[in-house]
Structures are given as structure tokens and as C-alpha cells.
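Undergrad: Need coordinates for the below:
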Amino acid sequence: MKYIIIENKLDKVALTWLNNNFGDLKPVVKDDKTIYINEDRLVLFYYYQDEKNGRVYINYDEIWSFLKSIFGLESLQIKGIITHWLEETYNLKGLTPGTEVTIVEFLLEETYNLKGLTPLSLEFTKPI
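TA: Numbers count the residues shown, from 1 in each chain. Take a look at the predicted model:
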């Protein structure tokens, strides 16, 4: 089901949804990553501590695809909303959101002209 929301209110609604559903995640340091998990120990996002490009990987199934399908947001809008959310909620600044799935999806579309596929990320499919 899709809701019609006035464009200037969309960011605020999406931020509220993120905070209501994922505003109390716990950070866990594992190897060279900081992983944010929920009470079921499901990985919702993570980033490499020593990575110079500052990418944060967002769980596609739980967060990214919901913002895309329910709110009708494009990738650039999702990146902006998640960047703001990470800064305000978790004090994580300078990180660029993306997903392993969106990177693989882009490569499949651009390199092999395979559209409409949703690759799975093993990182997010099992609790830690």
C-alpha cells in the first residue's frame, strides 16, 4: 500500500519512521567493523572503522527497500535522508549510505544489462 504525502513532509515522515523503528540500535565492534543491531541481533547497518571512503552499508531488506517502495523515494533521496538520520540519531558524520545490494544491482544492470534482479547480501541475512 502506498500513501500520498506532500513532498516537503516526506523527509520528516521518513525520518520519523526510521527513528520509531531503528532509533535504538546497539553498536557492536566486530573485527574491523562497527555493526548496529536490533534486539534480535539483526544487522541493520555497518561501516568499516578504517575505511577512508566513509561508506556505511544499510540493510536493503529492512530499511532501503522500505523507503523505496512505501515512500516512493529514489536512491539519492534515500541517501540524503539516511545521512541526516545517522548524523542526528547516532552522531555518525561523514558517512555515505549505500547498500551492498544497490552496488551489485547497479553493476548487474550496467555491465550485463540485467534489470529487476535483487541480489542477496549474506551480511544481512543472518543474525550475528
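Undergrad: residue contacts, the spatially most central residue of the chain?
TA: In the chain, the C-alpha nearest the mean C-alpha coordinate belongs to residue 58, at 2.7 Å (C-alpha atoms, centre = their mean). For residue 58, the contact set (C-beta atoms under 8 Å, 6 or more residues apart in numbering) comprises 44-45, 64, 82, 97-99. Any C-beta I mention is one placed from the backbone N, CA and C, and that applies to glycine too.
Undergrad: Recalculate using a threshold of 7 Å.
TA: Neighbouring residues of residue 58 by C-beta atoms under 7 Å, 6 or more residues apart in numbering: 45, 64, 82, 97-99.
Undergrad: Please apply the same query to residue 62.
TA: Contacts of residue 62 (C-beta under 7 Å, 6+ apart): residue 44.
Undergrad: pLDDT-wise, which helix or strand of this structure ranks last?
TA: helix 122-125 (a mean of 52; mean pLDDT, DSSP states H and E).
Undergrad: picking that back up, just the buried members of the contacts of residue 58?
TA: With burial judged by 16 or more other C-beta atoms under 10 Å, the buried subset of the contacts of residue 58 is 45, 64, 82, 97-99.
Undergrad: Can you list which of those are found in strands?
TA: 45, 97-98 (DSSP state E).
Undergrad: Using CSV, lay out these together with distance to residue 31.
TA: Shown next, in CSV, are those (distance: C-beta to C-beta, whole Å):
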residue, distance to residue 31
45, 16
97, 21
98, 20
